[in-house]
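>>> structure for this input, please:
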Amino acid sequence: MALEEQERIIIPDENGEEHLFEVLFTFDVDETNQSYIAVVPAEQKEDEEVEVFAFRYEEKEGDDDDLALYQIETDEEWNMVEETLNTLTEEQE
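Residues are numbered from 1 along each chain as shown. Presented below is the predicted three-dimensional model:
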C-alpha cells in the first residue's frame, strides 16, 4: 500500500484509546530495509506547537490497510529518522 500525504490513520494508545493522526510522509531506508512513517495529531489547535511522531512500520500480510507500528528505540535510529524528516521538510518548503 502506498501511503499518501494527508492520509489519516488511527493509532491506539497504551490504554486502548484510539487517536486520529494525519500522515505527513513515509519513507524507506534501503540500507536497513525498514519503512518509517511520520504523523501528527489530526485534532490540533492552530496556536499549538505541532508534535510529530515517527514510527517504524510494516504492512501486515494479507491486509494492505493494516500497519504494524514499532517504536523507534535506539539513538542511532532516531538520528537517522530525524535527519530524514528534516530533509523532507526542507524539500516541501
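>>> C-alpha only now, for contacts and for neighbours.
Will do.
>>> okay, now Leu85: neighbour count?
Neighbour count of Leu85, defined by other CA atoms under 10 Å: 20.
>>> check contacts around it.
Ala38 (CA atoms under 8 Å, 6 or more residues apart in numbering).
>>> assumed Thr26 was part of a strand.
Yes. Counting by DSSP: H, G, I helix; E, B strand; the rest coil, Thr26 is found in a strand.
>>> and it, what pLDDT?
Thr26 is assigned 89 on the pLDDT scale.
>>> list the buried residues for the lowest-mean-pLDDT helix or strand in the chain?
The helix or strand of the chain with the poorest confidence is helix 75-92; it has a mean of 84 (mean pLDDT, DSSP states H and E). Within helix 75-92, the residues scored as buried using 16 or more other CA atoms under 10 Å are Val81, Leu85.
>>> what bridges to the residue nearest to Ala54 when sequence neighbours are not counted?
Leaving aside its sequence neighbours, Ala54 sits nearest to Ala38 (CA to CA, 6 or more residues apart in numbering; 4.4 Å). Residues in a beta bridge with Ala38, per DSSP bridges, are Phe25, Ala54.
>>> wait, Ala38 sits on Val52?
Yes. Ala38 lies in contact with Val52 (CA atoms under 8 Å); the separation is 6.6 Å.
>>> between these two, tell me which one has more neighbours.
Ala38 (18 against 14).
>>> what residues does that one make contact with?
Val23, Leu24, Phe25, Thr26, Val52, Phe53, Ala54, Phe55, Leu85.
>>> show me where this protein dips below the pLDDT cut-off.
1-5, 45, 62-65, 92-93 (pLDDT under 70).
>>> buried ones in stretch 32-51, by neighbour count?
Ser35, Tyr36, Ile37, Ala38, Val39, Val40, Pro41.
>>> any idea how far Glu7 is from the closest residue to the fifth one other than its chain neighbours?
Right, the one you point to is Val39. The shortest distance from Val39 to any non-neighbouring residue, by CA to CA, 6+ apart, is to Val23 (4.5 Å). When distance is defined by CA to CA, to the nearest Å, Val23 is 5 Å away from Glu7.
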